[in-house]
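A.B. asks: Sequence unavailable; structure follows:
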């Protein structure tokens, strides 16, 4: 290498001056051909293999082991760098093991170009994004204000690149490779749900239509909790110090949720039946003077009807009874669909997987069986009691061989109009008889459905009638916070199919279901668990309130969640004067913005609907291909936070001068700042 560096590659300019191509002196001193003829030439590349051994090794293609080792080394270096940056005042934090960061995977294809933002700019934008997406109003320093101004000036560049990023992800999506999780368990659950529809009449005839959209804004307001049965289970969410992988076994789920020796008894309990057969609902509906009784599953079905397409298909059984000259509408659980997508099947499976993994089961199967027997003895009473027979004659639709009722339950039972169960509720007979049950926690609550009390519709609220709804809900459990306070938790899986590209956006159906679940369960928060479909690893857990989900649905789909309550109000308004009997509320894509109301018919005839076309199906069809699940442009994953990158953007440029974008002017900066403050003075 030294001899090579000594070669003079610049010719003497004197030769050109003297009008000679090469002088004799220069030829003898610098010509390698002359040296070769004389035998004095030394090859400068004689030891090239030794000199370039390290260079060749650097440019050669690494093996899989070398790639894996290098990836692990890079991850460790990044974790070390992150831990050093988090240390304050030069103090080093001692850690026995490095923190594990889930969801760091290699992207399956190459990006077409680097990001228009450099590394420092993406880190700045991420800081601003996290600060303003957190709950509560942030306190801004002068540095924060300057970073916000920079972020607003880059917002258009970010939005344009994110749209391009999503198009690239959609173009490379292959939904045929997604497999079902615990499909045998899901199919068995579907079959059992279909069997519960056998109590319904077979033939129906269409009588009217109900519009899905209401003319005026409607609100659902919590009033009181009438009854709480059982105790909530404890939920232990994982702490991400190490990798957490869920167990996805159909056998485990069947043993836990299908093959219990007391499963038959549990199915016969009131709160496992449709609300029209729930003895507790019938006992409370007259006391609360409710207009409608509905379960959370029926409520989710009605809420999931937002425009503009209205392409959902569903069937809801309805029973209308007349009590004291007033119609009471019982909305039962929806008829199970006959077609599932792979995502819908996997969501059902993961819902039970989360319960099986996080919910603490305190009682053994033998103890739970004893508790179920005690529940029958104390609550349902003597199977041949005169009170039960009299109640059946009044139209309670209760089976004599299964249910009973005692007079002392009515006298001892009390209703409490408070959010939490107070002392009088704790002294009720339900509390006495179910204090050991840990698997079921069912709540019966009253809500008002009526006009929104805002200044804009204050004049029109008198024209909108307010109705009372008795809603039956079940709870996943409670979690003890760091300060010792217990928090009701609702678990919701969010399956991730593109972990290396970022977090996927929730579907409109998921958003509406999660929102109504929190609205009907006061003081409850949602724990949305993001799970990798490929590895069953938990990527992250998000805590969401009802307001946060409402804003999320509006951001992703431009849908106001409260607009979906108008359909519920229209149903009560249209059926409150209907003739008592059995009905079906049915919607298909062809119905568009209306749902069909069909009344029970005694025999088949022209234009009659046969429910057996659905009820007699023996298996559910699975859609062979899953459409592309869009990525969420506003949700950073742990990977984004670790590498300080904005979600749904390309790898940042190493240097700012490499960015291929138009230069930012002062006018652009001011324009971005005005965009965020122009409406500031209008709100009072």
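C.D. replies: That came through fine. Only a predicted model underlies this, so the values are computations on that prediction, with no experimental measurement involved.

A.B. asks: so who does residue 515 touch?
C.D. replies: Contacts of residue 515 were listed using Cβ atoms under 8 Å, 6 or more residues apart in numbering, and they are 303, 546, 549-550, 553, 561. Placement of C-beta: from N, CA and C, glycine included.

A.B. asks: Considering those, which possesses the most neighbours?
C.D. replies: Counting by other Cβ atoms under 10 Å, residue 549 has the largest number of neighbours within the contacts of residue 515, with 25 neighbours.

A.B. asks: Help me confirm that it is found in a helix?
C.D. replies: Yes - per DSSP: H, G, I helix; E, B strand; the rest coil, residue 549 lies within a helix segment.

A.B. asks: Once you drop chain neighbours, what's closest to it?
C.D. replies: Of all residues beyond its chain neighbours, the one nearest residue 549 is residue 515 (4.5 Å), with distances taken as Cβ to Cβ, 6 or more residues apart in numbering.

A.B. asks: Now do the SS call for the one you found.
C.D. replies: Note that with three-state DSSP, the state of residue 515 is helix.

A.B. asks: what's the domain layout of the chain?
C.D. replies: As recorded under automatic domain parsing, the domains making up the chain are 2-59, 61-85, 101-173+631-673, 183-237+246-601+614-622.

A.B. asks: ok, the contacts of residue 515 vs residue 628, which is closest?
C.D. replies: In terms of Cβ to Cβ, no member of the contacts of residue 515 lies closer to residue 628 than residue 553, at 19.5 Å.

A.B. asks: quick one: which helix or strand includes that closest one?
C.D. replies: In the assignment (DSSP states H and E), residue 553 maps to helix 546-557.

A.B. asks: Give me the residues contacting that helix.
C.D. replies: Applying Cβ under 8 Å, 6+ apart, the contact partners of helix 546-557 are 135, 306, 505-506, 508, 511-512, 514-515, 518-519, 526, 544, 559-562, 632, 634.

A.B. asks: just checking, which of those residues belong to strands?
C.D. replies: If you go by DSSP state E, these have 526, 544 in strands.

A.B. asks: From the contacts of helix 546-557, list the buried ones, please.
C.D. replies: The neighbour-count test (16 or more other Cβ atoms under 10 Å) marks 306, 505-506, 511-512, 514-515, 518-519, 526, 544, 559, 561, 632 as buried among the contacts of helix 546-557.

A.B. asks: end to end, how far does stretch 318-329 reach?
C.D. replies: For stretch 318-329, the first and last residues are 7 Å from each other (Cα to Cα, to the nearest Å).

A.B. asks: in it, what counts as buried?
C.D. replies: 318-321, 327-329.

A.B. asks: what comes into contact with it?
C.D. replies: Counting by Cβ under 8 Å, 6+ apart, stretch 318-329 makes contact with 276, 285-286, 290-293, 330-332, 395, 397, 571-572, 575-585, all of which sit outside it.

A.B. asks: What's the ChimeraX syntax to select whichever of these are buried?
C.D. replies: One line in ChimeraX is enough to select the buried members of those, burial here meaning 16+ other Cβ under 10 Å:
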select :276,285,290,291,292,293,330,331,332,397,571,572,575,576,578,582,583,584,585
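
A.B. asks: quick one: which of the contacts of stretch 318-329 sit in strands?
C.D. replies: In this view, the contacts of stretch 318-329 that belong to strands under DSSP E are 292-293, 330-331, 581-585.

A.B. asks: Turn these into a markdown table, columns for pLDDT and distance to residue 593.
C.D. replies: Formatted as a markdown table, the entries for those read as follows, by pLDDT from 0 to 100; distance: Cβ to Cβ, whole Å:
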| residue | pLDDT | distance to residue 593 |
| --- | --- | --- |
| 292 | 96 | 22 |
| 293 | 96 | 26 |
| 330 | 97 | 25 |
| 331 | 96 | 20 |
| 581 | 95 | 26 |
| 582 | 96 | 25 |
| 583 | 97 | 20 |
| 584 | 96 | 19 |
| 585 | 97 | 14 |
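
A.B. asks: after the lengthiest strand in the chain, next one along is what?
C.D. replies: Once the chain is assigned using DSSP E, the strand that runs over the most residues is strand 218-230. If you walk from strand 218-230 toward the C-terminus, the next helix or strand you reach (DSSP H and E) is helix 250-257.

A.B. asks: helices and strands around that following helix, which ones?
C.D. replies: Helix 250-257 sits against helix 183-195, helix 342-358, with contacts defined as 3 or more Cβ pairs under 8 Å, 6 or more residues apart in numbering; DSSP states H and E.

A.B. asks: shaky segments in the stretch 401-550 of the chain?
C.D. replies: Applying pLDDT under 70 to the predicted model, the residue ranges of the stretch 401-550 of the chain that meet it are 401-440, 454-462.

A.B. asks: before we move on, what about the stretch 1-150 of the chain?
C.D. replies: Low-confidence segments of the stretch 1-150 of the chain (pLDDT under 70): 1-23, 27, 36, 44-98.

A.B. asks: Mind doing that once more with 80?
C.D. replies: Low-confidence segments of the stretch 1-150 of the chain (pLDDT under 80): 1-99, 135-138.

A.B. asks: ok, now the stretch 551-684 of the chain?
C.D. replies: Judged against pLDDT under 80, the low-scoring parts of the stretch 551-684 of the chain cover residues 624, 654-684.

A.B. asks: quick one: the strands in it?
C.D. replies: Defined through DSSP state E, counting those that start in this stretch, the strands belonging to the stretch 551-684 of the chain, from first to last, are 581-587, 594-601, 608-610, 621-622.

A.B. asks: Alright, that wraps it up for me.
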